[in-house]
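Peer 1: no sequence on hand, only this structure:
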């Protein structure tokens, strides 16, 4: 009897385990922490288009902008840890904003890293009609008339905010930052002239620069962009210490089973090897790069330390 019972239990376990680990069983949602139309949004939709068929389920992209990405981050952190709710996190949600202020989510313990998607340089841009020739001219004008210009950010604690504040600090100028709920509305107002400058990702800004709606002044990074070879780095333009390279990655809620995370990671890396996906990313100014979940997790921890140090040295605040 005991042997029969043991056999039944083992048989039941063998039957149930695959069912318990079955994934995906329904539509997958990728939550984007910024408004529709921005770089994060385009990146998520590009990935979703190929990732859905790869995983055998449809994928919807849901924008949850606001509070510098923390609204979306909290939502995903509290979602069921079954792999059906994911987030296209980025440098702001998992490094800068948590480094700047105390939030209602932990970027390390409340998420399972799935995989890196890529990087994009930060670009300093101006409204096309702003009468500034270059960075040197801008610095001179800001020192002469500190209240003349404003710059848009995607929200306090985002890369455009950090880059703008570092620029002010290292150039020795005063310029009011205006926070928006995401990069897309910030870019729109910079194009419209409500604000004059911004530090968006190259991924977000490039189409508008090519279309003549924004004027590229400098790259806030270690090297020039191959897509804009005539645009100098800020260091070349005379302002050092402003290197902000934005990164993007896929995350799942904390405690999502490793088997599910690994399955999504494998599919994501296959999507990011697709020539069509790579070309679309590169055409918009992003460099595709993949990783294991473990590599992404280690990178997030390193980034948190880096930006906490910047917050302290630059005396940045969430206000």
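Peer 2: Thanks, I have the structure now. This one's a predicted model, so the numbers in the text were calculated from it and none came from an experiment.

Peer 1: could I get the pLDDT score of the closest residue to residue 107 other than its chain neighbours?
Peer 2: Once flanking residues are discounted, residue 107 sits nearest to residue 94: 4.2 Å by Cβ to Cβ, 6 or more residues apart in numbering. (Glycine included, C-beta is placed from N, CA and C.) We have a pLDDT of 97 for residue 94.

Peer 1: so who does residue 94 touch?
Peer 2: 73, 107, 111, 249, 251, 300, 303-304 (Cβ atoms under 8 Å, 6 or more residues apart in numbering).

Peer 1: show me the residues you listed that map onto helices.
Peer 2: Those of the contacts of residue 94 mapping onto helices are 73, 300, 303-304, per DSSP state H.

Peer 1: mind checking what secondary structure the residue nearest to residue 107 has?
Peer 2: helix (DSSP: H, G, I helix; E, B strand; the rest coil).

Peer 1: would you mind finding the longest strand in this structure?
Peer 2: strand 111-121 (DSSP state E).

Peer 1: neighbouring strands - and their directions - for it?
Peer 2: Using DSSP bridges, strand 111-121 pairs in its sheet with strand 245-253 (antiparallel), strand 286-288 (antiparallel).

Peer 1: list the helices and strands the following helix or strand past it packs on?
Peer 2: Moving toward the C-terminus from strand 111-121, the next helix or strand (DSSP states H and E) is strand 123-127. Counting contacts by 3 or more Cβ pairs under 8 Å, 6 or more residues apart in numbering; DSSP states H and E, strand 123-127 packs against helix 183-192, strand 197-198, helix 202-210, strand 214-219.

Peer 1: so what's the spatially most central residue of the chain up against?
Peer 2: By Cα atoms, centre = their mean, the chain has its centre lying nearest to residue 90, at 2.7 Å. For residue 90, the contact set (Cβ under 8 Å, 6+ apart) comprises 33, 40, 69, 159, 246-249.

Peer 1: helices of the protein, start to end?
Peer 2: 2-20, 39-55, 70-77, 91, 97-100, 135-144, 159-171, 183-192, 202-210, 258-271, 275-283, 293-314.

Peer 1: filter the contacts of residue 90 down to just the buried residues.
Peer 2: For the contacts of residue 90, a neighbour count by 16 or more other Cβ atoms under 10 Å gives the buried set as 33, 40, 69, 159, 246-249.

Peer 1: quick check: domain ranges of this structure?
Peer 2: 2-119+246-314, 123-219 (automatic domain parsing).

Peer 1: of those, which is nearest residue 232?
Peer 2: Nearest to residue 232, of all these, is domain 123-219, at 5.6 Å by Cβ to Cβ.

Peer 1: relative to the whole chain's centre, how far out is that closest one?
Peer 2: 18 Å (Cα atoms, centre = their mean, to the nearest Å).

Peer 1: likewise stretch 70-84?
Peer 2: That offset, for stretch 70-84, works out to 16 Å (Cα atoms, centre = their mean).

Peer 1: just the pLDDT for residue 21.
Peer 2: pLDDT at residue 21 comes out at 59.

Peer 1: pLDDT below threshold where in the protein?
Peer 2: Residue ranges of the chain with pLDDT under 70: 1-21.

Peer 1: burial check on the nearest residue to residue 278 once chain neighbours are set aside, number of neighbours?
Peer 2: Sequence neighbours aside, residue 288 is the residue nearest to residue 278 in space, at 5.2 Å (criterion: Cβ to Cβ, 6+ apart). For residue 288, the tally of surrounding residues (other Cβ atoms under 10 Å) stands at 20.

Peer 1: what angle do the longest strand of the chain and helix 202-210 make?
Peer 2: 30 degrees (axes from the mean of the first three to the mean of the last three Cα atoms, to 10 degrees).

Peer 1: strand 111-121: how far from the chain's middle?
Peer 2: 8 Å.

Peer 1: how much does that strand deviate in direction from helix 159-171?
Peer 2: Going by the same axes, to 10 degrees, strand 111-121 makes 50 degrees with helix 159-171.

Peer 1: quick one: strand 111-121 to helix 39-55, angle?
Peer 2: 120 degrees.

Peer 1: quick one: residues contacting the residue nearest to residue 278.
Peer 2: Contacts of residue 288 by Cβ under 8 Å, 6+ apart are 117-118, 272, 277-278, 281-282.

Peer 1: in ChimeraX, select just the buried ones from those.
Peer 2: Selection of buried members from the contacts of residue 288 for ChimeraX, criterion 16+ other Cβ under 10 Å:
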select :117,118,272,277,278,281
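
Peer 1: and which of the contacts of residue 288 is nearest residue 173?
Peer 2: residue 118 (31.6 Å).
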